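1. requesting a structural model of the entry that follows:
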Amino acid sequence: MRGDNRCKEGKEAMSIRTIPITLSMKDTMERIRYENGHITASHAFASLFIWKKEMGLSVYLEEDLFAVKCRLRGENAWFFPCGGKAAVRDFICRCLGGEGLLFCYMRRKDAEFLEQEFPGRFCIREREADHEYIYDRKEQQELKGKEFLAARKYIHRLTAAHVLEWEPVCSGNLADAVALVSGWKERAEGIGGLRDTAASAAMLAYWEELDGAGILVRIDGTPGAVMAGYPIGKSMFDISLGKQSCYLTGMAEYARNALCSFLPEKYSLVNGEEDLGIGGLRQMKQRMRPVGLLQMYEGRADAVGTQA
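-> Here you go, the predicted structure:
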């Protein structure tokens, strides 16, 4: 028997109404995420809040579940719902029967949930461009061993040619960070025309509300780079912002090293987020020796009454 026969397909699909993501939702959404062990950067409230404009995000929110709707590569989609198994299954049942049901930013366990609970109904594929890179914070701080020889060389050459200093981002230098991001020009590379300048600016604009933490690098006395993020788990910190005033070899490595030196010891892992399928970004993230990947998937529902 098909596992989804128990769903009342389509009867409630039109009743799923989303609303704008606001700061007032932070506590509820983060509680749901933590209670369900969802530590991906994609579903963190701060990430959803700063990207809501560029990605067209809105949310369906209950006491024990949230589901984010977005525009993805020109079509409507849902981030895989975050909540308890029963609540997630009920939400998916309500969605089935609608047109073009697509779930994105799914962990492997989410993909397995779809396969088990809705056999034959979803075509699931891995999305390498969405995989999130996980790093050991202490390794990134110490840069020991031959694996980090190149990073040490880049940093040495940079510091030999320039005077570099870093300081925590705070109220006293937040304006410098904002000015650096405002003057930064996004290169043409990207997925679907998505650009992150506005998201970076939003993070700095709501720095305290989003529990921001990071460092500002000064090169020869002027702001040269900012690297920052926010906690997404009890032991994991997400690096969501990395901008330079000019492109110098070794600056990214220096800023990452400084941030990992600044972060509290309780954050044993840092999430470097996805590479978006951009070759240069992928090479850089791989070069920094991740200790793991949070693999991501997409699931598209077949038409009602058909098998995969």
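2. how much space between F49 and V169?
-> Per CB to CB, to the nearest Å, F49 is found 18 Å from V169. In this view, the C-beta of every residue, glycine as well, is placed from N, C-alpha and C.
3. repeat that for E139.
-> From E139 to V169 the distance is 23 Å (CB to CB).
4. neighbour count winner among these two?
-> Set E139 next to V169 and count neighbours by other CB atoms under 10 Å: V169 wins out with 23 against 18.
5. for the more buried one, give its distance to G74.
-> For V169, the distance to G74 - CB to CB - is 36 Å.
6. now swap in G145 and tell me
-> Distance, G145 to G74, using CB to CB: 44 Å.
7. what about these two, which has more around it?
-> G145 (10 against 6).
8. show me where the stretch 101-250 of the chain has strands.
-> Here the stretch 101-250 of the chain has its strands, by DSSP state E, counting those that start in this stretch, at 102-106, 122-126, 132-136, 164-168, 213-219, 222-231, 236-244.
9. so which of these gets nearest M296?
-> Closest of the strands of the stretch 101-250 of the chain to M296 is strand 102-106, at 5.9 Å (criterion: CB to CB).
10. got the angle for that closest one vs strand 122-126?
-> 40 degrees (axes from the mean of the first three to the mean of the last three CA atoms, to 10 degrees).
11. give me the below-cutoff pLDDT ranges for this protein.
-> 1-6, 8-15, 98-99, 185-195, 303-308 (pLDDT under 70).
12. domains for it, by residue range?
-> 3-130+296-301, 132-273 (automatic domain parsing).
13. tabulate these (a markdown table), appending distance to M284.
-> Shown next, in a markdown table, are those (distance: least, CB to CB, whole Å):
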| stretch | distance to M284 |
| --- | --- |
| domain 3-130+296-301 | 15 |
| domain 132-273 | 7 |
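14. quick one: which of those domains is nearest K285?
-> For the domains of the chain, proximity to K285 was assessed by CB to CB; domain 132-273 is nearest, at 4.8 Å.
15. mind checking the end-to-end distance for that closest one?
-> 4 Å (CA to CA, to the nearest Å).
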